[in-house]
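Asks: give me a 3D structure for the following:
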Amino acid sequence: MTQSGERGIQPVREEPLVFGSPLIGEDEIAEVADSMRSGWIGTGPKVQRFERMLEEYVGVAHMRCLSSCTAALWLALRSLGVGRGDEVIVPAMTFIASANVVELSGATPVFVDSEPDTGLIDLDLAEAAITDRTKAIMPVHLAGRPVDIDRVNSLRDRYGIAVIEDAAHAIGAKWRGTGIGAHGNLTAYSFYVTKNITTIEGGALATEDRTVAERVERLALHGLSLGAWQRFSDTGFKHYEGVEPGFKFNMTDVQAALGIHQLPMLDRWIVRRAELWRRYDEALARLPLALPAPVDERTMRHARHLYSVSLEDDAPLDRDALLDALARRRVGAGVHYRGVHLHPYFRERYRIDPSFLPVATEISARTLSLPLSPKVTDADQDDVVAVLGAILDGKG
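Replies: As a prediction, the model looks like this:
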């Protein structure tokens, strides 16, 4: 790819199209106001209500809401006893939090390359990376596309390793008709502001094991035997006890107030995302872009979280120049992701040669994500397509 100048580009929009801007309705606003007026703004009845709603939606026995997906991944590792001397298999193409929690646990992240067409972890390479020190594998449902759970669970059962599914992008996704999170593994979700549903910040951990769920709930509140809601909402005073050292990873009722109104909209919003996805596929087909791989709807329901494209060799500019050109036209875009192995800490600590992870390295240099959310209108999307066309045709 050659570099191209972008002289004289004028914004195509009066208002910027913000990438990942959330859709917040009046019901969410009213529920937050109700929490504020109630005086109970910490972890309480609305968090519990949201947890029960998530359990029913996903089809899993236990869901515990937390302060972030990162907290959920961390507590998943903690509940499995992952620590020094252990290895955890992690895709190179993921957000850095997936690897950070492994590193902070004292275990060693073992990075595995991607499938060229989907960017998902290459499960053949993952199997080859399993050693007698492997404690767990952390498949990431990148962009909302489910990893082959049948294959993942076969590795789990054959080698006796744990699975922690990173479903930060995948609330609402399904594998063979069953929700991601209901396949017998610990599964972490994100409700960050850009995700398919939001609690501003927040996450959750799904499990079929009541003991794990109770421990996660305890660890998320300093390792205490009782949270504030249990101590102060029932009749009679109760002392709490520190059962084990824990953290401050709890979700608040103010956050859950958004979630309990966002979740019922999720399926409708995924349908809208799919409509926008098809419109992108049709409108961008002529441009020098590799579009997302087709979805086999016989095996999966894609959550359609990110519409990511990659620049082809004959594009007139590189990815970063394209991002800059889009920004000049007031069109927001994202990068998902720059491989974890390229970040200085992991690159230098583990002396990783990027050529050893060629697919993830190539994706890191070429990929960008376009605006995709139920807040994006057809007119917004037409602006994105027009800007991309002008830039990539050399007319912008």
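Asks: what's the burial count for Val193?
Replies: Applying other Cβ atoms under 10 Å, we find 14 residues neighbouring Val193. Any C-beta I mention is one placed from the backbone N, CA and C, and that applies to glycine too.
Asks: tell me the pLDDT at it?
Replies: Model confidence at Val193, given as pLDDT, is 97.
Asks: surely it is in contact with Gln255?
Replies: No - counting by Cβ atoms under 8 Å, Val193 sits too far from Gln255 to count as a contact (11.1 Å).
Asks: may I see the buried residues of stretch 386-395?
Replies: Using 16 or more other Cβ atoms under 10 Å as the test for burial, stretch 386-395 gives Val387, Leu388, Ile391, Leu392.
Asks: adding distance to Arg366, secondary structure and pLDDT, write these out as CSV.
Replies: Putting those into CSV (distance: Cβ to Cβ, whole Å; DSSP: H, G, I helix; E, B strand; the rest coil; pLDDT from 0 to 100) gives the following:
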residue, distance to Arg366, secondary structure, pLDDT
Val387, 18, helix, 95
Leu388, 14, helix, 97
Ile391, 15, helix, 95
Leu392, 13, helix, 96
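Asks: just the residues you listed now: which is nearest Ala321?
Replies: Distance ranking of those against Ala321, using Cβ to Cβ, places Ile391 first at 9.0 Å.
Asks: roughly how far apart are that closest one and Arg319?
Replies: In this structure, Ile391 and Arg319 are 12 Å apart, going by Cβ to Cβ, to the nearest Å.
Asks: ditto for Val335
Replies: For Val335, the distance to Arg319 - Cβ to Cβ - is 8 Å.
Asks: shared neighbours of those two, anything?
Replies: Counting by Cβ atoms under 8 Å, 6 or more residues apart in numbering, the common neighbours of Val335 and Arg319 are Thr367, Leu368.
Asks: re the thing from before, which one of the buried residues of stretch 386-395 is nearest to Ala293?
Replies: The closest of these to Ala293 turns out to be Leu388 (Cβ to Cβ; 19.4 Å).
Asks: ok, now how distant is the closest residue to that closest one other than its chain neighbours from Asp393?
Replies: Nearest residue to Leu388, sequence neighbours excluded (Cβ to Cβ, 6 or more residues apart in numbering): Leu287, at 6.3 Å. Distance from Leu287 to Asp393, counting by Cβ to Cβ: 8 Å.
Asks: Ile171 should be in a helix, yeah?
Replies: No - Ile171 is assigned coil when assessed by DSSP: H, G, I helix; E, B strand; the rest coil, not a helix.
Asks: check contacts around Gly179.
Replies: Gly179 makes contact with Tyr57, Val58, Gly59, Val60, Gly172, Ala173, according to Cβ under 8 Å, 6+ apart.
Asks: out of those residues, which end up buried?
Replies: Buried members of the contacts of Gly179, scored by 16+ other Cβ under 10 Å, are Tyr57, Val58, Val60, Gly172, Ala173.
Asks: phi and psi next, for the most centrally placed residue in the chain.
Replies: In the chain, the residue lying closest to the centroid (Cα atoms, centre = their mean) is Ala168, at 2.4 Å. Dihedral pair for Ala168: phi -50, psi -30, per degrees, to the nearest 10.
Asks: doesn't Leu287 make contact with Gly389?
Replies: Yes - checked against Cβ under 8 Å, the pair Gly389 and Leu287 is within contact range at 6.5 Å.
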